[in-house]
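Participant: need a 3D model of the following:
(2 chains)
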Amino acid sequence: MHWQRLDRDTSVKVIDSVKSDANAGMFSAGTSEVKRARALFYKDYFIYQVTNFASLPSFSFQYLSDGTFFHYLDGTEEPIHMVNDKGALQLDRHNILAYLDFYFANVSFEEGDITLIDNPNDMPILDSLGPDAYDAVFRDHTPPLVHENNGLDSFTIESDLYNEGQLVRAKIEVSAKGRVLIKEQKMIMHEMVAMRAPETMM
Amino acid sequence: MNTDTTDNNGANEAGSTLREGFGDKGTNVNAGMAYGHPHGEAIIEGAKEILGESETGRKLISVQTHHNIPIQIVKGVGASGFNPQSGVIYIQVTPKTKLATPEITLELVKALREADQELIGFTAPDPQKDLMEYATVMHSKTLDAIVYICTVVKELTNSSHYSVLLDTLEKLGHINVYKAYEANASEEELFDAYAGI
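Facilitator: A predicted model of the protein is given here:
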């Protein structure tokens, strides 16, 4: 994703727009930076990031916005679904993986954070795995496969996922409105031990 | 999130769109954006209850209470800590979380110690003046806060929370500092463990 740092005047306007009276101290124009990036899968919507560098680690907050309304990405699927339902989402087979990557990065799940593994060489998070698991990822990794179902109604993606130290091969269904459903998961470890998880609507 | 550039054209374009959104008088159309966590109070109480079983945890809470340092649980997936500018501890917690988790509890320890650092004058220098000094002090402050986490976890060795807190130290990447701390490591050895040397 290509981030553009916004100039001071625009940054102040964004900060004014996202600050809240109840949490007034979270942002200050003097110590905060505002960036935005275009998301390939959204028409007229950008991802904005406000970072307050007053402390380390710095506090960062992300939003989806058309420049007028800001939807705080609070860790639930709601702000994403809300923007999707405004007709801003434009999924195709070329941007579906980017959407899933974005979705998993911004939605927390009860079973922990989920990361889509496209290219394991680009994923420093995998360094935290034990040697056996690390070898298994590279040995058994298959690049994600994208299938279009019934024209553009939905997509099925077969991809490796990293979830709380576990590596799985999953079938993920994504509807045209951006609803994500993990349908099947098979654990990737040594002999590819099969495991079926209950269907989870996210 | 790979590149980070200043793009004046993009900024101007954004500025133009934003002006339309704000209106000529700068009306905020997003008034009332809610960051507060729906279960914030229960989460703070739960974390404080666990910390109350540790002597160091009790001291940190006592300092926070005495100096009336606000703790705000905000919805989010980002970092937590003490903001010296506003004097507020911010803990980011995903909205689906309803109770204090071991991770939140240890983040609270870190944030409480960061607030404590500020009170005792262990503050960050101006990065504009000497970036190297700033980086050195910030690493010292971070290590100091992690050592406080280790102290609390060690004091809870005989509690029911211990094993899960130990797993959480691993998850947070602090397990090597903890092992060094348990082995009565010197300051230099602790720093090596912190730096992953």
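Participant: and the strands in chain A, which stretches?
Facilitator: A:2-5, A:32-38, A:46-52, A:59-65, A:70-72, A:114-117, A:145-149, A:154-163, A:166-175, A:180-187, A:200-201 (DSSP state E).
Participant: quick one: residue B:87 from residue B:108, how far?
Facilitator: From residue B:87 over to residue B:108 the distance is 16 Å, taken as Cβ to Cβ, to the nearest Å. (C-beta placed from N, C-alpha, C; glycine too.)
Participant: I should have written residue A:142 there, sorry.
Facilitator: 41 Å.
Participant: which residues are in contact with the closest residue to chain A within chain B?
Facilitator: At 2.5 Å from chain A, residue B:86 is the closest residue in chain B, using Cβ to the nearest Cβ. By Cβ atoms under 8 Å, 6 or more residues apart in numbering or on different chains, the contact list for residue B:86 reads A:24-26, A:28, A:54.
Participant: and residue B:173, what element?
Facilitator: Residue B:173 is part of no helix or strand when elements are defined by DSSP states H and E.
Participant: what is the burial count for the spatially closest residue to residue B:162 that is not a sequence neighbour?
Facilitator: Residue nearest to residue B:162 in three dimensions, not counting chain neighbours: residue B:156, with 5.4 Å by Cβ to Cβ, 6 or more residues apart in numbering or on different chains. Using other Cβ atoms under 10 Å in any protein chain shown, residue B:156 has 20 neighbouring residues.
Participant: circling back to that earlier point, more neighbours: which of residue B:87 and residue B:108?
Facilitator: Taking other Cβ under 10 Å, residue B:87 and residue B:108 do not tie; residue B:108 has more neighbours (28 against 15).
Participant: who touches the more buried one in this structure?
Facilitator: Neighbours of residue B:108 in contact, by Cβ under 8 Å, 6+ apart: B:44, B:47-48, B:51, B:71, B:80, B:89, B:91.
Participant: if we go to 6 Å?
Facilitator: By Cβ atoms under 6 Å, 6 or more residues apart in numbering or on different chains, residue B:108 lies in contact with residue B:47.
Participant: quick check: phi and psi at it.
Facilitator: Backbone torsions of residue B:108, given as degrees, to the nearest 10, read phi -70, psi -40.
Participant: report how many residues lie close to the residue of chain A found nearest chain B.
Facilitator: Residue nearest to chain B within chain A (Cβ to the nearest Cβ): residue A:25, separated by 2.5 Å. Applying other Cβ under 10 Å, we find 16 residues neighbouring residue A:25.
Participant: local confidence estimate at it?
Facilitator: We have a pLDDT of 77 for residue A:25.
Participant: tell me the contacts of it?
Facilitator: Residue A:25 neighbours (Cβ under 6 Å, 6+ apart): B:86, B:88.
Participant: same question for residue B:53.
Facilitator: Counting by Cβ under 6 Å, 6+ apart, residue B:53 makes contact with residue B:159.
Participant: and it, what element?
Facilitator: Counting by DSSP H and E, no helix or strand carries residue B:53.
Participant: mind pulling up the pLDDT for it?
Facilitator: In this model, residue B:53 carries a pLDDT of 96.
Participant: so residue B:139, which of the three states?
Facilitator: The assignment at residue B:139 comes out as helix when based on DSSP: H, G, I helix; E, B strand; the rest coil.
Participant: that one - how many residues pack around it?
Facilitator: For residue B:139, the count of nearby residues is 14 (other Cβ under 10 Å).
Participant: quick check, pLDDT for it.
Facilitator: At residue B:139, pLDDT is 92.
Participant: likewise for residue B:130?
Facilitator: Taking residue B:130 on its own, its pLDDT is 88.
Participant: now it: phi and psi?
Facilitator: The phi and psi values for residue B:130, taken as degrees, to the nearest 10, are phi -150, psi 100.
Participant: OK, contacts around the residue nearest to residue A:183 when sequence neighbours are not counted?
Facilitator: Closest residue in space to residue A:183, ignoring its immediate chain neighbours: residue A:171 at 4.6 Å, by Cβ to Cβ, 6+ apart. Residue A:171 sits next to A:158, A:183-184 when contact means Cβ under 6 Å, 6+ apart.
Participant: selecting buried members of those in ChimeraX, what would you type?
Facilitator: The ChimeraX selection below is limited to those of the contacts of residue A:171 classed as buried (16 or more other Cβ atoms under 10 Å in any protein chain shown):
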select /A:184
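Participant: closest to residue B:133 out of the contacts of residue A:171?
Facilitator: Nearest to residue B:133 among the contacts of residue A:171 is residue A:158, at 51.1 Å by Cβ to Cβ.
Participant: chain B contacts on chain A?
Facilitator: Selection of chain A residues close to chain B by Cβ under 6 Å from any Cβ of the partner chain yields A:1-7, A:10, A:13, A:17-18, A:20, A:22-23, A:25, A:54-57, A:60, A:67-68, A:70, A:74-76, A:108.
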